[in-house]
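S.K.: got a predicted structure here, sequence first:
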Amino acid sequence: MIAKDKLAIDGGTPVITDPIPYGVSGPSIIDEEEVEAASKVLLSQNLFRYDSDSECHQFEKEAAEFLGVGYTLMLTSGTSALICAMKGVGLGPGDEAIVSGYTYIATPAAIIATGAVPVIAEIDDSLGMDPVDVEHKITPHTKAIVVTHMRGVPARLDEILAIAKRHKLKVVEDCCQCVGGQYKGESVGTKSDAAAWSLNYFKTISTGEGGMAYTNDRDVYERILYSSDPGLPMWNVDLARRDHAQGQFYDVEYQLESFPGETYRASEISGAVGRVQLGKLQKVLDHQRTLKKAFMSELDEARSYKLQYVDDAEGDTGVSAGVIVQDEALAKGFAHALKAEGVDVGAIFNSGIPDRHIYSAWESIMNKRSHHPSGYPWKDPSYKGDVEYSKDMCPNTLDILGRTLLFNFHMNMTEEQAKLMARALNKVDASLGN
């Protein structure tokens, strides 16, 4: 081995000597435009969203146009957007919903919030839901499949939709980590019954906290509206009902019977900031995708790893690249060596902040903890299933994620830094690989 290829952990020169800056794309692009938009709302003193010219309403119209979808509703968080989307498709007590073993706990928590029971499915080398295991997890109680597009990479959506169609199940897409992503030429979330965005601090675009539910089904949208505001049935319907295609409020009666929901109304400040961020979304996507392509183009032929399977590379938002190493011990060695070369990678075993998107970290769900002594929703009298959880219940998921290293890309990073990350991986693979 020549001197320049000697690993930094063995006394060699690191590939990256100037630290790569930290960054989260949405917050990293905040400038005077967001400050001015928020200040304008505050100074106007018009802080309530129910107005045809409200910032939230304008955000919804602009987001609907971006997505090519019929109906959108801005909400307080990605979690509340998921809850409303799930209630929108009729998920509730007695039902089961299949969820990926690799997603943030908010996804199964939203299922529980509807009164339904989450059933956890394995992932495959896409790091998304394994369609084969999804079909195995279907029971007479299954009402919906909740698909998460993890870390900006679209899941195997066509296969999931085909399964749902065969079994007459609803599909809700969790697009919280894939804002702006596409699948086979259409925005993620638009092929299913309902979907959700997150706009929190760590997302592609951000309002600090915030979310959006969306659908092409008017009845689902109406249920989303009821789920988002318990006061809607008492007020004039034209305060809530809007047709994005026309950009005007409906002046018609609701088609469905009303029901009381929770208050998930978004702030006008969030709406104003969201509009500015939405206008920058394509810029973020272009940059992230450029970084990921630069990283991928610089990679040598792999010796001891394979790349995460991506079902639609063009629709990938470019926020991350997954590398699946041959075994967990080698993955730990790779992570240790990469850190010395100047690259911090995300992994299940990292000290400090390990990857907590894995089902085994959902302690409250693993132990079926409830806010109520009745054990709701698992012991709800209407639930006739027998779902059980354990930390080793999805061995394929644990195996794959135990060998996965995630390289992250964001707006504060340059193409050259992305290439340097790839060179560091090449160097470590050449030294440690088989």
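M.R.: Happy to help now that I have it.

S.K.: what is the longest helix that the chain contains packed up against?
M.R.: Of all segments of type helix in the chain, defined using DSSP state H, the longest is helix 268-297. If you count contacts as 3 or more Cβ pairs under 8 Å, 6 or more residues apart in numbering; DSSP states H and E, helix 268-297 packs onto helix 25-28, helix 32-44, helix 55-67, strand 71-75, strand 320-325, helix 415-432. Backbone N, C-alpha and C define where each C-beta goes, glycine included.

S.K.: how about those in CSV, adding mean pLDDT and mean neighbour count?
M.R.: What follows is those, written out as CSV (pLDDT from 0 to 100; neighbours: other Cβ atoms under 10 Å):
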stretch, mean pLDDT, mean neighbour count
helix 25-28, 94, 22
helix 32-44, 97, 14
helix 55-67, 96, 21
strand 71-75, 96, 29
strand 320-325, 97, 23
helix 415-432, 97, 20
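
S.K.: out of the ones you listed, which comes closest to residue 120?
M.R.: Across the helices and strands packed on helix 268-297, residue 120 has its closest neighbour in strand 320-325 (20.1 Å, Cβ to Cβ).

S.K.: tell me who's in contact with residue 172.
M.R.: With contact taken as Cβ atoms under 8 Å, 6 or more residues apart in numbering, residue 172 is in contact with 82, 85-86, 89, 91, 97, 144-147, 192-196.

S.K.: which of these fall in strands?
M.R.: 97, 144-147, 194-196 (DSSP state E).

S.K.: for the helices and strands packed on helix 268-297, which one sits closest to residue 274?
M.R.: helix 55-67 (4.6 Å).

S.K.: tell me the angle the closest one makes with strand 71-75.
M.R.: Counting by axes from the mean of the first three to the mean of the last three Cα atoms, to 10 degrees, helix 55-67 lies at 130 degrees to strand 71-75.

S.K.: contacting residues around helix 55-67?
M.R.: Under the contact criterion Cβ under 8 Å, 6+ apart, helix 55-67 has outside partners 37, 41, 49, 51, 70-74, 187, 189-190, 197, 212, 214, 242, 244, 247, 266-272, 274-275, 278-279, 281.

S.K.: ok, residue 274 touching residue 199?
M.R.: Yes. Using Cβ atoms under 8 Å, residue 274 is in contact with residue 199, at 6.0 Å.

S.K.: residues contacting residue 366?
M.R.: Shown in contact with residue 366 (Cβ under 8 Å, 6+ apart): 359-360, 389-391.

S.K.: filter these to the buried ones?
M.R.: 359-360, 389 (16 or more other Cβ atoms under 10 Å).

S.K.: which stretches of the chain have low pLDDT?
M.R.: 1-4, 235-255, 351-353 (pLDDT under 70).

S.K.: buried set for stretch 173-191?
M.R.: Buried residues in stretch 173-191, counted by 16+ other Cβ under 10 Å: 173-183, 187-191.

S.K.: need the helices for the stretch 251-400 of the chain, in chain order.
M.R.: 268-297, 328-340, 363-366, 395-402 (DSSP state H, counting those that start in this stretch).

S.K.: redo those helices as JSON lines? Include distance to residue 29.
M.R.: Shown next, in JSON lines, are the helices of the stretch 251-400 of the chain (distance: least, Cβ to Cβ, whole Å):
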{"stretch": "helix 268-297", "distance to residue 29": "5"}
{"stretch": "helix 328-340", "distance to residue 29": "27"}
{"stretch": "helix 363-366", "distance to residue 29": "34"}
{"stretch": "helix 395-402", "distance to residue 29": "30"}
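
S.K.: between these, which one is nearest to residue 125?
M.R.: helix 395-402 (6.4 Å).

S.K.: helices and strands around the helix or strand following the closest one, which ones?
M.R.: Remark: after helix 395-402, the chain's next helix or strand is strand 404-408, criterion DSSP states H and E. When contacts are defined as 3+ Cβ pairs under 8 Å, 6+ apart, strand 404-408 sits against strand 320-325, helix 328-340.

S.K.: re the thing from before, for residue 19, find the nearest of the helices and strands packed on helix 268-297.
M.R.: When those are compared by Cβ to Cβ, helix 415-432 sits nearest residue 19, at 9.7 Å.

S.K.: the closest one vs strand 320-325, what angle?
M.R.: Using the same axes, to 10 degrees, helix 415-432 lies at 0 degrees relative to strand 320-325.
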